[in-house]
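Colleague: The sequence and its predicted three-dimensional model are supplied below.
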Amino acid sequence: MAGTTVTEIPELIGTGRNGGGASSGDGGGEGSGPSASGGVPQRTYVTGMIVGLGGILMFFMALVSAYIVRKGMPNSTWIPLEVPHILWLNTVILVASSFTLARSRSLFRADNEDGFRYWWGWTTVLGVFFLVGQVIAWRQLVAEGIYLQSNPSSSFFYVFTAAHGLHLVGGVLALLSVAFRPTHRLTRGTATEVVSIYWHFMDGLWVFLFLLLLLGR
Amino acid sequence: MRAPGMTLMRMPLTCWGWFVTAILGLLAFGVLLAGGILLLLDRSAGTSFFLPAGLVINDQVQNHSGGSPLLWQHLFWFFGHPEVYIAILPGMGVASHVLSTFARKPVYGYRAMAMAICGIGFLGFMVWGHHMFVSGMSPYSGFAFSVLTMSIGVPSAIKTFNWLGTLWGGKIQLKSPMLFALGFVSLFVSGGLSGLFLAQPAVDNLLHATYYVVAHFHLVMGVAAIFGIFAATYFWFPKMFGRMMSEPLGKIHFWLTFVGTYCIFMPMHFVGIAGGIRRYADASAIEYLQKLQPLHVFMTIAAFITAAAQLIFIFNFFWSLKFGPKAPKNPWDATTLEWTTDSPPPLDNFGGEFPSVYRGPYEFSVPGAKEDFIPQHLAPAQVARAK
């Protein structure tokens, strides 16, 4: 660069060694720094989860925009789908699981191990109930003769619920993994934090999809 | 994890290129996946996301109805346009890096280069409709996509002029990596200019699905981006494998490929404008296209020769792995951190001694310094001063 000479003494900007820097958020304040050979600061996992959710969001938004476009096409063969009633119950269950998850995490931060495990367990159970409920909804539709290829509205219904459900299965596996497997590079506080970000996102996404299927009918 | 002293504005431009490429990949591939799943369901599960009514396949009327092929186009191209920027941005980063190193000059306008990479990435999400000008879209939509597409020319032009500015007045060393970086600039300009013509809906009405489009995207993606890959390979081969590639073979490879690809793709523009249509297996029944046949023959011969020239590179690569002269730590007198470690690097990259960063990545020909480059990792006290 013009004007740079060796007589300048550039400052060492931010050592980076205590990686994770300022706000490591919460999770028991575990922003513990890495060892010299490249341990990863705990905040990195949160960043990674958020970045990953960005990609997942794009996937779902592509499906949503396809739905909106397809529904709005003129001369459409679209037959509005009556959303199975059990979906209301499933939604309540999933929203409740977000509350139990938040409860579990605040007990974790208060070092209440038993309380943490109790509510974490309930979150997992509710998650499984949601998935069972979704399968029941599918079976109800099949019993009424409404399949994947019956009508575009049913096609989208199955695609939305399957895509979301698959992601939720991953979430349940993550919940179980935190409960049973010891963590290596992540601290437990970070593990609970990233799983909870994922879970709340899936919950919010479901509410959005549910409203879309309901109101877009 | 980050080297002490490293900041975004001290990153090599190659890293900027990869960084924005990664963001594009993250956001675009999800849309491709969604489209792909819906396509798969249409093909094997009887759905009709994209398939309209009345399709006859193998003399059988299909059951599908109500789908929209246009929906597929939107989903695909929303991914497809960021995809081509994924293809070119790393090459742009490499070009900046290599041009600076072999001109012994800082990158001209580093900040603008970094911002231009971000601008190209961002705008790349807003222009997908230019692949669909002939789909029947409203002319107003066409206008919007056209203006947005042309606006990507602005950061691209900034980068091009800054590459030239990097070279101007430099002490140019025409080694193999540099030749390919220079070739990148030439090919990017050639290929990019035809993109501006295609960005006009009125013109695209004529040129869509002709060989003009094929010439355009091959020059940018199939040649410029490949030259970025070659430049990077020749440049970092010594670091990766601890040996130098053959410089004479590199030069021969460059000249044959550079001339060869121009011979292939320049005439292709004429074929396109004259009406040569894409994806025709056999155009011999079409009268007006027969006049273009000599061009096709020429391009094909050029293509075979250029393809054969790549064998020189492949031979050079594998021969040098075993028999190339051993590479020192920093054969190119470059400034960035990878050149501080052994060639090839040890397992943890830096052999336990992690470098810190004290300055930007392109401190070449700094007045007052003894050497014509100051590596990023040297503390100020360690920099030798001219007597």
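Modeller: Now that the structure is in, tell me what you want to look at. Because the structure is a prediction, the values reported are computed rather than measured. Residues are numbered from 1 along each chain as shown, chains lettered A, B, ... in the order given.
Colleague: tell me the phi and psi of B:Ile277?
Modeller: phi -90, psi 140 (degrees, to the nearest 10).
Colleague: ok, now how distant is it from B:Met137?
Modeller: Using CB to CB, to the nearest Å, B:Ile277 is found at 21 Å from B:Met137. Where you see a C-beta, it was placed from the backbone N, CA and C, and this is true even at glycine.
Colleague: With neighbour numbers in mind, choose between these two.
Modeller: Ranked by neighbour count (other CB atoms under 10 Å in any protein chain shown), B:Ile277 and B:Met137 place B:Met137 first, with 17 against 13.
Colleague: Leaving aside the residues adjacent along the chain, what's closest to that one?
Modeller: B:Gly129 (6.6 Å; CB to CB, 6 or more residues apart in numbering or on different chains).
Colleague: next SSE after the helix or strand harbouring B:Phe258?
Modeller: B:Phe258 is located in helix B:247-273, with elements delineated by DSSP states H and E. For helix B:247-273, the following helix or strand on the C-terminal side (DSSP H and E) is helix B:293-323.
Colleague: burial of the nearest residue to B:Tyr212 once chain neighbours are set aside, as a residue count?
Modeller: Nearest-residue entry for B:Tyr212: B:Gly272, 2.8 Å, with adjacent residues in sequence omitted and distances by CB to CB, 6+ apart. B:Gly272: 25 surrounding residues under other CB under 10 Å.
Colleague: And the residue nearest to B:Phe317 when sequence neighbours are not counted, how far from B:Arg359?
Modeller: Spatial nearest neighbour of B:Phe317, excluding adjacent residues (CB to CB, 6+ apart): B:Met245 at 7.1 Å. As for B:Met245, its distance to B:Arg359 is 29 Å (criterion: CB to CB).
Colleague: The residue nearest to B:Phe317 against B:Phe318, yeah?
Modeller: No - look at B:Met245 against B:Phe318 with CB atoms under 8 Å: they stay out of range, at 10.4 Å.
Colleague: Briefly note if stretch B:347-358 comes near chain A.
Modeller: Yes - with CB under 8 Å from any CB of the partner chain as the criterion, chain A is reached by stretch B:347-358 at B:348, B:352, B:354, B:356, B:358.
Colleague: In those, which residue is surrounded by the most others?
Modeller: B:Tyr358 (25 neighbours).
Colleague: Wait, a helix at it?
Modeller: No - under DSSP: H, G, I helix; E, B strand; the rest coil, B:Tyr358 sits outside any helix and is assigned coil.
Colleague: Spit out the contact partners of the residue nearest the centre of chain B.
Modeller: In chain B, the residue lying closest to the centroid (CA atoms, centre = their mean) is B:Ile88, at 2.4 Å. Counting by CB atoms under 8 Å, 6 or more residues apart in numbering or on different chains, B:Ile88 touches B:188, B:220-221, B:224-225, B:228.
Colleague: quick one: which of the residues you listed is nearest B:Leu179?
Modeller: B:Gly228 (12.6 Å; CB to CB).
Colleague: my guess is the closest one meets B:Gly91, correct?
Modeller: Yes - using CB under 8 Å, B:Gly228 is in contact with B:Gly91, at 2.4 Å.
Colleague: overlap in contacts of those two?
Modeller: B:Phe184.
Colleague: how close does A:Gln134 get to B:Met240?
Modeller: 49 Å.
Colleague: These two: which is more packed in?
Modeller: A count of neighbours by other CB under 10 Å puts A:Gln134 above the other of A:Gln134 and B:Met240, at 21 against 14.
Colleague: Go ahead and confirm the more buried one touches A:Asn90.
Modeller: Yes - using CB under 8 Å, A:Gln134 is in contact with A:Asn90, at 6.1 Å.
Colleague: mind checking pLDDT for residue 82?
Modeller: Here I'm looking at chain A. What the model reports as pLDDT for A:Glu82 is 91.
Colleague: try again with chain B
Modeller: pLDDT, read off for B:Pro82, is 98.
Colleague: Which of the helices or strands spans the residue nearest to the centre of chain B?
Modeller: Judged by DSSP H and E, B:Ile88 forms part of helix B:69-103.
Colleague: Give me the helices and strands touching the helix or strand following that helix, please.
Modeller: Next in sequence after helix B:69-103, counting helices and strands by DSSP H and E, comes helix B:110-123. If you count contacts as 3 or more CB pairs under 8 Å, 6 or more residues apart in numbering or on different chains; DSSP states H and E, helix B:110-123 packs onto helix B:13-44, helix B:69-103, helix B:153-167.
Colleague: For burial, what's the neighbour tally of residue 41?
Modeller: All of this refers to chain A. Around A:Pro41 there are 22 residues (other CB under 10 Å).
Colleague: switch to chain B, that's the one I care about
Modeller: 19.
Colleague: got it, and the one 10 residues further on?
Modeller: Other residues near B:Leu51 number 22, with proximity taken as other CB under 10 Å.
Colleague: pLDDT weak spots in the chain?
Modeller: Here I'm looking at chain A. Along chain A, the parts satisfying pLDDT under 70 run over A:1-38, A:217.
Colleague: switch to chain B, that's the one I care about
Modeller: Ranges of chain B meeting pLDDT under 70: B:387.
Colleague: residues in contact with B:Ile312?
Modeller: B:249, B:252-253, B:256.
Colleague: and if you look at A:Ala163?
Modeller: Per CB under 8 Å, 6+ apart, neighbours of A:Ala163: A:59-60, A:63, B:37.
Colleague: quick revisit: deepest of the helices and strands packed on helix B:110-123, which one?
Modeller: helix B:69-103 (a mean of 23; mean count of other CB atoms under 10 Å in any protein chain shown).
Colleague: Okay, angle between that helix and helix B:153-167 too, please.
Modeller: Inter-element angle recorded for helix B:69-103 and helix B:153-167: 10 degrees (by axes from the mean of the first three to the mean of the last three CA atoms, to 10 degrees).
Colleague: hmm, back to that, ok, B:Met245 and B:Phe318, which is more surrounded?
Modeller: B:Met245 (24 against 10).
Colleague: so who does that one touch?
Modeller: B:176, B:234, B:237-238, B:316-317, B:320, B:324.
Colleague: B:Phe237 - how many residues pack around it?
Modeller: B:Phe237 has 24 nearby residues by other CB under 10 Å.
Colleague: my read: it touches B:Arg243, true?
Modeller: Yes - with contact defined as CB under 8 Å, B:Phe237 counts as touching B:Arg243 (7.5 Å).
Colleague: shared neighbours, the two?
Modeller: B:Ser320.
Colleague: before we move on, which element is the closest residue in space to B:Ala327 that isn't next to it in sequence in?
Modeller: Excluding its sequence neighbours, the residue lying closest to B:Ala327 (CB to CB, 6+ apart) is B:Pro238, at 3.5 Å. Element membership for B:Pro238, per DSSP H and E: helix B:225-241.
Colleague: cool, and A:Trp119?
Modeller: Counting by DSSP H and E, A:Trp119 is found in helix A:113-143.
Colleague: Which neighbouring elements make contact with the helix holding B:Pro238?
Modeller: helix B:69-103, helix B:176-198, helix B:247-273, helix B:293-323.
Colleague: Buried residues, the last one. List them.
Modeller: Applying a neighbour-count criterion of 16 or more other CB atoms under 10 Å in any protein chain shown, the buried positions in helix B:293-323 are B:295-296, B:299, B:302, B:306, B:309, B:312-313, B:316-317, B:320.
Colleague: Also the third one?
Modeller: Within helix B:247-273, the residues that count as buried by 16+ other CB under 10 Å are B:249-250, B:252-254, B:256-258, B:260-265, B:267-269, B:271-273.
Colleague: Can you verify my assumption that A:Val46 contacts A:Ala191?
Modeller: No - if you go by CB under 8 Å, A:Val46 and A:Ala191 don't touch, sitting 10.7 Å apart.
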